[in-house]
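**Student:** Coordinates only, no sequence provided:
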């Protein structure tokens, strides 16, 4: 008598092997059999006509603060995610002395666009050292597993104080102290170390993330702690990743290749296609492969779609911001604001005011696309605001004005920026197909006012494996492998990511025909009633974590089997 049997589904096991029909048996939180016609169980899930996959392992999230107050880690939990990794991009909350908490919150607020009010009001603190932070997380009961990395920003601040926060050069003693803290963290179960080198990552006061300009002796000195520990990933948000410097990425890959060779640990960096040098990503693909051929464990974290912005009347960023009449209404509740904006004299006044320099409208008008009932993550420029305005013989701002009042002011718009220089996702497909790429960069929990890429796991199946019409699709088996076996393996999580007897019973049962990500919407559900963009999903028949069903048809069952995952445990 098994604890649970998922019966008759199309098993996509995470290895990339062809899908096939089978039952999956679960006992004591582990998979015990994958075979046809398994015996009786205390509980069955009918998966006839559905996919059965491993749970998604999302390695690039920013739930560092949210994990202290939110048992569900929304919105990732609605999109089949069963394991998340935090501490990315050089920002986090440990180690941290009590008098440094405000600084680290402001750093997270500036870099990851998480409202500082929500962090101040929602976070529960109970640690100073990184091992104490892990112990705090170990006491949490969550809907999914959480692993975390130690981040350069808090380490540098802890060791160097104001000098570290202001990016002054580290002395040999500073480097030794940072390396000792990182080694202590790795021994306690950190999954890796992360740093940011892009000038686009700044604290709320405008200062770059501590470590942005770190010299090689600092980076290699800290990296040596991972070598000594014998496990962990060195994760980098490299210079140029946001398209701010097209000369930087090749230099970054060069030192990362040397670092990977020196420490014998994987070095993973975020990669996107820039608009100024749209073919540069191919050079980086080649350089990363050359590093691999030379024996260096260099990996690319790549997204499953364009990196960009979402906006509506409810969001901070809007193309009409900067026009005095529009801005004067910003503090009104949405219903009152919409009523005002529908007045003919208000409309005329706003449209008569000049477009501010470097506004979203002037910079990206040919990429602004209204979102309908279904979200098209590979829109044609023919669907853009400018193209529509040309067809209608109207000004783009007038077209935008009228569209944004639809749905009672909740009409959402998308601006694909990076990974979209050619107006399609063919560069993303090339990146996803590369053997040295891993799926990531969803930033779940972050950029609350500008994106909701936690749903990227869902669109890996809906867009890439099922619906894509503007180019070749990805095999279903590869799309699943990218989100499961590959991401788990990079972080040494050998007990998950594949449907195999003896491994952890983290699974999804998915009605692929029904699977869809809802359009983004704004909720005011963060602590302090702060807003954020979220997306729900249809089509996840069941999500299972450690053998317990956590979600049925998108609704939480009440189960909280998720725990802290510690690295270096075999």
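**Tutor:** That came in fine, so what should we check first? Predicted model, so just to flag it, every value in this text is computed and none were measured.
**Student:** Follow the chain on from the helix or strand of the chain with the lowest mean pLDDT and name the next helix or strand.
**Tutor:** Lowest by mean pLDDT, DSSP states H and E among the helices and strands of the chain is helix 360-364, with a mean of 89. Per DSSP states H and E, the first helix or strand lying C-terminal to helix 360-364 is strand 369-370.
**Student:** Would you mind listing the buried residues in the next helix or strand after that next one?
**Tutor:** With elements assigned by DSSP H and E, the helix or strand that comes after strand 369-370 is helix 385-392. Of all the residues in helix 385-392, those buried under the rule 16 or more other CB atoms under 10 Å are 385, 386, 387, 388, 389. In this view, the C-beta of every residue, glycine as well, is placed from N, C-alpha and C.
**Student:** Also stretch 138-154?
**Tutor:** Of all the residues in stretch 138-154, those buried under the rule 16+ other CB under 10 Å are 140, 142-154.
**Student:** now it, how far from the chain's geometric center?
**Tutor:** Here stretch 138-154 shows a centroid-to-chain-centroid distance of 15 Å under the convention CA atoms, centre = their mean, to the nearest Å.
**Student:** List the strands paired with the biggest strand by length in the chain, with their directions.
**Tutor:** What stands out as the longest strand in the chain, according to DSSP state E, is strand 2-11. Strand 2-11 has the following strand partners under DSSP bridges: strand 20-27 (antiparallel), strand 41-46 (parallel), strand 51-54 (parallel).
**Student:** and the next helix or strand after the last one, what's its mean pLDDT?
**Tutor:** Helices and strands here follow DSSP H and E; after strand 51-54, the next one along the chain is strand 56-58. Averaged across strand 56-58, the pLDDT comes to 98.
**Student:** Beyond strand 56-58, next helix or strand please.
**Tutor:** For strand 56-58, the following helix or strand on the C-terminal side (DSSP H and E) is strand 81-86.
**Student:** Now do that next one: everything it contacts.
**Tutor:** The contact list for strand 81-86 (CB atoms under 8 Å, 6 or more residues apart in numbering) reads 54-64, 67, 73, 76, 92, 144-149, 191, 444-445, 454, 457, 488, 491, 493, 496, 506-508, 543-545, 550, 562, 565.
**Student:** at 7 Å instead, please
**Tutor:** The contact list for strand 81-86 (CB atoms under 7 Å, 6 or more residues apart in numbering) reads 55-64, 67, 73, 76, 144-149, 191, 444, 457, 491, 493, 496, 506, 543, 545, 565.
**Student:** Likewise for stretch 168-185?
**Tutor:** Stretch 168-185 is contacted from outside by 95, 130-131, 150, 155-156, 158-160, 193, 214-215, 217-218, 221-222, 224-225, 228-229, using CB under 7 Å, 6+ apart.
**Student:** Show me those residues that map onto strands.
**Tutor:** If you go by DSSP E, these have 150, 193 in strands.
**Student:** Pull out the buried residues from the contacts of stretch 168-185.
**Tutor:** 95, 130-131, 150, 155-156, 158-160, 193, 214, 218, 221-222, 224-225, 229.
**Student:** where do the helices sit along the stretch 301-450 of the chain?
**Tutor:** Ranges of helices in the stretch 301-450 of the chain, per DSSP state H, counting those that start in this stretch, are 324-327, 334-341, 344-352, 360-364, 385-392, 396-404, 406-409, 426-433.
**Student:** The ones you listed: lowest mean pLDDT?
**Tutor:** Per-stretch mean pLDDT for those is lowest at helix 360-364 (a mean of 89).
**Student:** Just to check, residue 232 is in contact with residue 226?
**Tutor:** Yes: between residue 232 and residue 226 there is a contact at 4.5 Å, judged by CB atoms under 7 Å.
**Student:** any shared contact partners between those two?
**Tutor:** Common neighbours of residue 232 and residue 226 (criterion: CB under 7 Å, 6+ apart): 186, 193, 265.
**Student:** What score does the last one have for pLDDT?
**Tutor:** Reported pLDDT at residue 265 in the predicted model: 98.
**Student:** That one reaches residue 228, doesn't it?
**Tutor:** No: using CB under 7 Å, residue 265 is not in contact with residue 228; the gap is 10.3 Å.
**Student:** sorry, back to before: looking at the helices of the stretch 301-450 of the chain, which is closest to residue 126?
**Tutor:** Smallest distance to residue 126 across the helices of the stretch 301-450 of the chain (CB to CB): 37.4 Å, for helix 334-341.
**Student:** For residue 45, which non-adjacent residue is spatially closest?
**Tutor:** Distance criterion CB to CB, 6 or more residues apart in numbering; nearest residue to residue 45, sequence neighbours excluded, is residue 6 at 4.6 Å.
**Student:** For residue 26, see how far away that neighbour is.
**Tutor:** Residue 6 is 8 Å from residue 26, where distance means CB to CB, to the nearest Å.
**Student:** Which one's more surrounded, these two?
**Tutor:** The residue with more neighbours, out of residue 6 and residue 26, is residue 6; 31 against 25, by other CB atoms under 10 Å.
**Student:** Could you measure from that one over to residue 20?
**Tutor:** Noted for residue 6: a distance of 14 Å to residue 20, by CB to CB.
**Student:** just residue 306 next, same as before
**Tutor:** Noted for residue 306: a distance of 34 Å to residue 20, by CB to CB.
**Student:** Also residue 98?
**Tutor:** Here residue 98 is placed at a distance of 55 Å from residue 20 (CB to CB).
**Student:** Kindly report the same for residue 450.
**Tutor:** Distance, residue 450 to residue 20, by CB to CB: 41 Å.
**Student:** Give the residue from the two that has the larger number of neighbours.
**Tutor:** Neighbours per residue (other CB under 10 Å) separate residue 450 from residue 20, with residue 450 holding more: 18 against 12.
**Student:** Surely that one and residue 312 touch.
**Tutor:** No: taking contacts as CB under 7 Å, residue 450 lies outside contact range of residue 312: 11.3 Å.
**Student:** where does the chain have low pLDDT?
**Tutor:** Where the chain drops to pLDDT under 70, the residues are 570.
**Student:** hmm, try it at 80
**Tutor:** Applying pLDDT under 80 to the chain flags residues 242-244, 246-247, 569-570.
**Student:** Would you map the strands across the stretch 201-350 of the chain?
**Tutor:** 233-237, 267-270, 298-302, 307-311 (DSSP state E, counting those that start in this stretch).
**Student:** Turn these into JSON lines, columns for mean neighbour count and distance to residue 321.
**Tutor:** What follows is those, written out as JSON lines (neighbours: other CB atoms under 10 Å; distance: least, CB to CB, whole Å):
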{"stretch": "strand 233-237", "mean neighbour count": "28", "distance to residue 321": "27"}
{"stretch": "strand 267-270", "mean neighbour count": "25", "distance to residue 321": "28"}
{"stretch": "strand 298-302", "mean neighbour count": "25", "distance to residue 321": "31"}
{"stretch": "strand 307-311", "mean neighbour count": "22", "distance to residue 321": "9"}
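**Student:** For stretch 329-336, what is the distance to the chain centroid?
**Tutor:** Distance, centroid of stretch 329-336 to centroid of chain: 31 Å (CA atoms, centre = their mean).
**Student:** what about the nearest residue to residue 102 once chain neighbours are set aside, helix or strand, and which?
**Tutor:** Spatially, and ignoring its direct neighbours in sequence, residue 102 is nearest to residue 120 (7.9 Å; CB to CB, 6+ apart). Per DSSP H and E: residue 120 is located in helix 116-122.
**Student:** Kindly report the same for residue 531.
**Tutor:** Using DSSP H and E, residue 531 falls within strand 530-534.
**Student:** quick check: angle from that strand to strand 307-311?
**Tutor:** For strand 530-534 and strand 307-311, the angle between their directions (axes from the mean of the first three to the mean of the last three CA atoms, to 10 degrees) works out to 120 degrees.
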